[in-house]
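Asks: sharing a sequence plus its predicted fold:
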Amino acid sequence: MMRKLEDQGERIHERICDLLPWYVNGSLAERERERVEAHLAVCARCQEEEGICRRTAEAVKSAGEVAPSPHPVQFQRMLARIEESEREQRARAAWWKRGEPFRSLVEATPAPLRGALVAQAAIVILLIGVLAWRELHVPAAGTPAAPPAVYRTLADPAPAPQPSIGLHLMFAPQTSEREIRALLLGVRGQITAGPSPLGVYTVEIPAGGDPANVVLARLRSESQVTFAEPVAGGEPEKKLDGQ
Amino acid sequence: MPPNDELALLRRVAAKDRKAFEALYHLYYRRLFGYLLKLTRRAELVEEVLNDVMLAVWKGAPSFDGRSRPSTWIFGIAYHKALKALARRPEEREEDEGEWPEPVDADEPESLAARRELAGVLGRALGALSAEQRAVVELTYYYGMAYQEIAEIVGCPVNTVKTRMFHARRRLRELLPGLGISSHAG
């Protein structure tokens, strides 16, 4: 019980103590001032605090104030700032007025439709954002991280056709037609011209198989083939041994 | 000037009467200058902030509803503009305590010397407070305002004003042991 009363007394003391600066400056309402005075009469700690507050107040007041009177130029500067601010305000108002027809149109639109339009605009903006993001973040072709293209649209440029291999071949005189066909089948070759009066066959090997030098090497290793060279424009190759 | 006259002046300012604005400017210039200097302790900021305050008064006068005194409204604007200016330029150190301005009013030589010393001691102690605490101390002791009015000016509950004062008092006691200012004041 005693403890409770002590706590209550301490709370009252703290509340009064908090008010002392305003008791000292004379700004408390009458009722508060009376409460403070009643407490002060019986509280030595608050009496001490009140003394400190008074001395602080006197010190603050007597420290004075450095406050020059305004020079006329300063008011002119003030007016210049007002002018500038009002110019900006007029410019903003003019800008706002320019948007008036659009705002009227928006205001004339029924609220539900306006909501739908806003939602639509938001989606469009979002999609543009996504596309822009993709554009910025998909690595350029040729960089190690670039994924291989897996499909091609009609709008894409057609890939350059792989050139087929054109060869001039000559066979030993005793080579039979069957042997020639077997040789050509081995390299998927097809006779497109010949034999010429000199016995030269022009053979075309479709692209996608072995490269020209490999095909030539294989043909030249055959005893029936006496001559194997790419057609004009091709890469020059060595003649077969003994030719 | 009585608050009602100030209110009439403010109404004319709201109607964009430049003569009234000039009168209000001159009426508040010294008060605001001193207040802003006490609050910011940065002489180089005062002029600029003071103009910011008066521009806000010019623009905001039409919206002043008269529920508070004109001075409360104007000091409130000044408080917020000052804190904003301090936040904008925090890297600059506060004015050196040694250069804290001395009282300007004439006085007897011995008394003036004592007051100069007092201004120095007190200036250093007040400089150690936060701008928010300093504002409460100055508005209470120098301007004699009620805590309710201070709460309006600084835009916070009255209990916050009391709390700021509580911490300021404790700090001042630490900085001025036994409140040594008593030897100079009184």
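Replies: Structure's in. What do you need?

Asks: near chain B, which residues of chain A are found?
Replies: Residues of chain A found near chain B, taking C-beta under 8 Å from any C-beta of the partner chain as the criterion, are A:18-19, A:21-22, A:24-28, A:52-70, A:74-75, A:77-79, A:81-82, A:85. Glycine gets a C-beta too; all of them are placed from N, C-alpha and C.

Asks: off-centre distance for the helix or strand bottoming out on mean pLDDT in chain A?
Replies: Within chain A, judged by mean pLDDT, DSSP states H and E, the helix or strand with the poorest mean is helix A:100-108; its value is a mean of 75. On the basis of C-alpha atoms, centre = their mean, to the nearest Å, helix A:100-108 is displaced by 34 Å from the centre of the chain it belongs to.

Asks: tell me the mean pLDDT over whichever helix or strand comes after that helix?
Replies: Toward the C-terminus, helix A:100-108 is succeeded by helix A:111-137 as the next helix or strand (DSSP states H and E). Confidence over helix A:111-137 (mean pLDDT, whole number) is 86.

Asks: re earlier: angle of the least confident helix or strand of chain A against helix A:111-137?
Replies: Note on geometry: by axes from the mean of the first three to the mean of the last three C-alpha atoms, to 10 degrees, helix A:100-108 and helix A:111-137 are set 120 degrees apart in direction.

Asks: what's in contact with helix A:100-108?
Replies: Under the contact criterion C-beta atoms under 8 Å, 6 or more residues apart in numbering or on different chains, helix A:100-108 has outside partners A:Arg114.

Asks: excluding sequence neighbours, find me the nearest residue to B:Ile62.
Replies: Slight slip there: residue B:62 is Pro, not Ile. The spatial neighbour of B:Pro62 that comes closest, neighbours along the chain excluded (C-beta to C-beta, 6 or more residues apart in numbering or on different chains), is B:Ala14 at 4.3 Å.

Asks: ok, that neighbour - contacts?
Replies: B:Ala14 makes contact with B:61-62, B:64, according to C-beta under 8 Å, 6+ apart.

Asks: could you list the domains of chain B?
Replies: Described in terms of automatic domain parsing, the domain architecture of chain B consists of the residue ranges B:1-95, B:103-186.

Asks: I'd like the distance from the first one to the chain centre, please.
Replies: The chain centroid and the centroid of domain B:1-95 are separated by 10 Å, computed with C-alpha atoms, centre = their mean.

Asks: which SS state does B:Arg152 fall under?
Replies: In this structure residue B:152 is Glu, not Arg. Secondary structure of B:Glu152, reduced to three states by DSSP: H, G, I helix; E, B strand; the rest coil: helix.

Asks: pull the contacting residues for B:Val53.
Replies: For B:Val53, the contacting residues are B:32, B:36, B:74, B:77-78, B:81, by C-beta under 8 Å, 6+ apart.

Asks: lowest average confidence, helix or strand, in chain B?
Replies: Per mean pLDDT, DSSP H and E, bottom of the list for chain B is helix B:109-127, a mean of 73.

Asks: next structured bit after that one?
Replies: helix B:131-137.

Asks: other SSEs contacting that next one?
Replies: With contacts defined as 3 or more C-beta pairs under 8 Å, 6 or more residues apart in numbering or on different chains; DSSP states H and E, helix B:131-137 has these neighbours: helix B:18-40, helix B:70-88, helix B:147-154, helix B:158-175.

Asks: switch the cut-off to 7 Å
Replies: Contact analysis of helix B:131-137 by 3 or more C-beta pairs under 7 Å, 6 or more residues apart in numbering or on different chains; DSSP states H and E lists helix B:18-40, helix B:70-88, helix B:158-175 as its packing neighbours.

Asks: among those, which is nearest B:Leu7?
Replies: Each of these has some distance to B:Leu7 by C-beta to C-beta; the shortest is helix B:70-88, at 5.7 Å.

Asks: quick one: is that closest one near chain A?
Replies: No. With C-beta under 7 Å from any C-beta of the partner chain as the criterion, chain A is not reached by helix B:70-88; the gap is at least 12.7 Å.

Asks: tilt between that helix and helix B:18-40?
Replies: Between the axes of helix B:70-88 and helix B:18-40, defined by the same axes, to 10 degrees, the angle is 50 degrees.

Asks: please point out which parts of helix B:70-88 sit buried.
Replies: By neighbour count, with 16 or more other C-beta atoms under 10 Å in any protein chain shown as the criterion, the buried positions of helix B:70-88 are B:70-83, B:85-86.
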